[in-house]
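> The following comprises the amino acid sequence and a computationally predicted model.
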Amino acid sequence: PCLLADSIIQLHLKYNASNQQTKTATVNVPSNATTSGTCLGQFSSIDLSFEPGNFSLQLKFARTIPLKPYPSKFFLGYIRLRYREDPTIFIGTATPDKDVDLVANFIALFVAFVGTSFRCNSEIVNPLGEMGQVSFRHTRVQPFAVQDGRFGNESVCSEDATTTLAPTTPTGTPFPAEGQWHVTGEDGKICLLADSIVQLQLRYNTSNQQTKTATVNVPSNATTSGTCLGQFSSIDLSFEPGNFSLQLKFARTIPLKPYPSEFFLGYIRLRYREDPTIFIGTATPDKDVDLVANFIALFVAFVGTSFRCNSEIVNPLGEMGQVSFRHTRVQPFAVQDGRFGNESVCSEDATTTLAPTTPTGTPFPAEGQWHVTGEDGKICLLADSIVQLQLRYNTSNQQTKTATVNVPSNATASGTCQGGFSSLDLSFEPGNFSLQLGFVRTFPAKPEFSVFFLQYIRLHYREDPTIFIGTANPNKDVDLVTDLIALFSASVGTSFSCNSEIVSPFQEMGQVSFRHTRVQPFAVQ
């Protein structure tokens, strides 16, 4: 076999009854469902078919392309369910024997390293649009690199974890001195700069069957090595005792005109030996440990500039630890003369915003109080905020100016509320402005842990000469997008509130700022 899957699977499917009610049918996927599928290089799939109802459940897995020496990961990226509304299952259905086709795409469940298996006893639930959901319990799956027909070593889901990491920086444990490190390229010139105070929090088991956390400071004189190769660069920090090796790998995006390239920290790997002088009372002295954090996006800034953040940034290393950075400044690409370029400051440190070129004293607008109504006629999204735009443009005399645009409180509001996604669209004149905020929510095994956040912002407008004074491109259409963000995060069923100013950039073309914000994009009662 090339794919193994054990699970208890249950479907919850909505349907319309002949009495105009909406009901839900619960369907168990039988253990003797007919199995088929494919294993083709980067993809594999399993199809489960059963009767009555002509059910077909397809789970499609993908694997990442490995970048040596970093191992590949697999994940469940696509679920498709097809069935017929059999009246013996969908009792009283208004559409007997209707064919239904539900798809969940752009997901990432059951993530583990290729060659290992993913295991989760807890329930994992994923929606299938608005018409249903599929739940998995007591799951173990390995869609790639199966050896001798047996599961490999297992990666256990976080929901099954029974302990949590001790708080960062226990009382009395000081942060180390700041390290000032660099990497030299093949041409002998500095190609990567990194200044930071780095601290590790690492879990281990003791001989008396307790779980403890060791705090390890990365010394400022750690031995430095690394590489700078086109789209990727890395820095490796090694030190003793414990044979520690901390690797930070950066990537840069491919620029899509007119948007410049950005860099980010995408991968962290920590290897060490459980030295008994550090891991006091360890049950496994001198055990080799290898921890990886992949698919991350920290320290984001434009290529040619440096990222700076004095605030603490913490990233987990699986369930076994975390790494924290303070007073960080990093530039992994386009270093000139061995010095940092202009800096991009993290939002946690930001105290100033883009300088407006409109007259001093341009006030913020009145607070808008907007809402979106769902298909059932009920309000499904609420948003109160004072919103202001700062937009750069080129003038006919070859200068760059910034127009300040207030989103009026009476902007026309529209939007959608669809399962795991909701959006608010604000339109106003002059300038044919359209500002769209797109929200998503998570679907964890325990619904009470579900959170929402603002995932993307899209702004479309026309360079109206009455706003963009002296523009070189009158009435030019402009479309700006910032995505893969996570603003306004809160638990589903609650609202997010922040009176302070929150600023999100539109690449180099401007920014949008929010003040006195309160928003609830899901579960409005």
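Perfect, I can see it now. Residues are numbered from 1 along each chain as shown.
> Beta-bridge partners for the nearest residue to Ser414 once chain neighbours are set aside, please?
Nearest residue to Ser414 in three dimensions, chain neighbours excluded: Asp425, at 4.7 Å (CB to CB, 6 or more residues apart in numbering). To be clear about C-beta, it is placed using only N, CA and C from the backbone, and glycine gets the same treatment. Note on Asp425: beta-bridge partners Ser414, Gln436, judged by DSSP bridges.
> gap between Asp425 and Gln455?
15 Å (CB to CB, to the nearest Å).
> Could you do Gly419 as well?
14 Å.
> higher neighbour count, those two?
Gln455 (19 against 16; other CB atoms under 10 Å).
> can I assume that one is in contact with Leu437?
No: look at Gln455 against Leu437 with CB atoms under 8 Å: they stay out of range, at 9.0 Å.
> Would you map the strands across the stretch 201-350 of the chain?
Using DSSP state E, counting those that start in this stretch, the strands of the stretch 201-350 of the chain run over 211-217, 223-229, 232-239, 244-252, 262-273, 288-293, 298-302, 306-309, 313-316, 321-331, 343-345.
> Report the distance from the first one to the chain centre.
Using CA atoms, centre = their mean, to the nearest Å, the mean C-alpha position of strand 211-217 is found 27 Å from that of the whole chain.
> Give the other helices and strands that that strand contacts.
Judged by 3 or more CB pairs under 8 Å, 6 or more residues apart in numbering; DSSP states H and E, strand 211-217 is in contact with strand 190-205.
> give me every residue that touches the residue nearest to Ser414.
413-415, 434-436 (CB atoms under 8 Å, 6 or more residues apart in numbering).
> try 7 Å this time
414-415, 434, 436 (CB atoms under 7 Å, 6 or more residues apart in numbering).
> In terms of pLDDT, where does it sit?
Model confidence at Asp425, given as pLDDT, is 94.
> ok, now how distant is it from Gly368?
Asp425 sits 13 Å away from Gly368, going by CB to CB.
> One more: Asp86?
Taking CB to CB as the measure, Asp86 falls 49 Å from Gly368.
> swap in Asp6?
51 Å.
> What of Gln336?
With CB to CB as the criterion, Gln336 and Gly368 are 44 Å apart.
> neighbours of Ser7, just the number please.
19.
> same question, Ser207
Number of residues near Ser207 (other CB under 10 Å) recorded here: 10.
> who touches it in this structure?
281, 283.
> shift numbering so it begins at 56
Will do, 56 is the new start, and the previous item becomes Ser262.
> Give me the pLDDT for it.
So Ser262 comes in at 90 (pLDDT).
> Next: Lys456.
90.
> can you check the one 10 residues further on too?
The per-residue pLDDT reported for Ala466 equals 93.
> in terms of contact, does it touch Leu481 like I think?
Yes: shown here, Ala466 and Leu481 form a contact pair, counting by CB atoms under 7 Å, at 4.2 Å.
> who's more crowded, the two?
For Ala466 and Leu481, the more surrounded residue by other CB under 10 Å is Leu481, and the numbers stand at 22 against 19.
> Look up how far Leu444 lies from the more buried one.
Taking CB to CB, one finds Leu481 at 11 Å from Leu444.
> Same question for Ala80.
Using CB to CB, Ala80 is found at 48 Å from Leu444.
> Excluding covalently adjacent residues, which one is nearest to Gln256?
Distances taken as CB to CB, 6+ apart place Gln377 nearest to Gln256, at 5.0 Å, with adjacent residues excluded.
> Could you check how many residues crowd around that neighbour?
Neighbour tally, Gln377, other CB under 10 Å: 23.
> residues shared between the contacts of Leu481 and Leu444?
Val462.
> my guess is Ala163 contacts Gly132, does it?
Yes: with contact defined as CB under 7 Å, Ala163 reaches Gly132; the gap is 6.4 Å.
> which residues sit against stretch 525-540?
352, 448-452, 509-520, 559-561, 564-565.
> I only care about these that end up buried; give me the ChimeraX line for that.
Selecting only the buried entries of the contacts of stretch 525-540 in ChimeraX, with 16 or more other CB atoms under 10 Å as the criterion:
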select :448,449,509,510,511,512,513,514,515,516,517,518,519,560,561,564,565
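> sorry, back to before: and the contacts of Asp480, which is closest to Ser210?
Gln491 (37.3 Å; CB to CB).
> I'd like to know how far the nearest residue in space to Thr526 that is not next to it in sequence sits from Val567.
Using CB to CB, 6+ apart and skipping the chain neighbours, the partner closest in space to Thr526 is Glu518 (4.9 Å). Separation of Glu518 from Val567 (CB to CB) stands at 17 Å.
> now swap in Cys283 and tell me
34 Å.
> and if you look at Gln286?
29 Å.
> Looking at the two, which is more packed in?
Neighbours per residue (other CB under 10 Å) separate Gln286 from Val567, with Val567 holding more: 22 against 13.
> gap between the more buried one and Phe380?
Distance from Val567 to Phe380, counting by CB to CB: 27 Å.
> Kindly report the same for Val201.
Taking CB to CB, one finds Val201 at 38 Å from Phe380.
> for Phe388, same thing?
19 Å.
> Same check on Asp250?
10 Å.
> Just want to know which of those two has more residues nearby.
When Asp250 and Phe380 are compared for neighbours, Phe380 comes out ahead with 22 against 18, by other CB under 10 Å.
> For the more buried one, give me its contacts.
Phe380 makes contact with 251, 253, 368, according to CB under 7 Å, 6+ apart.
> repeat that for 8 Å
Here Phe380 is in contact with 251-253, 364, 367-369 (CB under 8 Å, 6+ apart).
> Looking at those residues, which is nearest Phe105?
Nearest to Phe105 among the contacts of Phe380, with distances taken as CB to CB, is Val369, at 45.6 Å.
> Report how many residues lie close to the closest one.
Neighbours of Val369 (other CB under 10 Å): 15.
> Quick check: bridge partners of it?
Ser379.
> from what I can see it touches Thr383, true?
No: applying CB under 8 Å as the test, Val369 and Thr383 come out as separate, 11.8 Å apart.
> So between Ala163 and Gly132, which is more surrounded?
Gly132 (19 against 11).
> that's a helix at that one, yeah?
No: under DSSP: H, G, I helix; E, B strand; the rest coil, Gly132 falls outside any helix and is assigned strand.
> So which other helices or strands are in contact with the lowest-mean-pLDDT helix or strand in the chain?
One helix or strand of the chain scores below all others by mean pLDDT, DSSP states H and E: strand 542-546, with a mean of 77. The elements that strand 542-546 packs onto, with contact taken as 3+ CB pairs under 8 Å, 6+ apart, are strand 506-517, strand 551-553, strand 557-560, strand 565-575.
> Looking at those strands, which is nearest to Tyr259?
strand 506-517 (30.0 Å).
> so what sits against both of Ala466 and Leu481?
Common neighbours of Ala466 and Leu481 (CB under 8 Å, 6+ apart) are 423, 425, 490.
> Against Thr521, how distant is Ser440?
25 Å.
> okay, those two: which has more neighbours?
Counted by other CB under 10 Å, Ser440 and Thr521 do not tie: Ser440 has more neighbours, with 25 against 8.
> Would you mind giving both backbone torsions of Phe334?
phi -90, psi 80 (degrees, to the nearest 10).
> so who does it touch?
With CB under 8 Å, 6+ apart, Phe334 has these contacts: 257, 259, 267, 269, 340.
> same thing but at 7 Å, please
259, 269.
> Pairing-wise in the sheet, spell out the partners of Gln386.
Under the criterion used (DSSP bridges), Gln386 bridges to Leu248.
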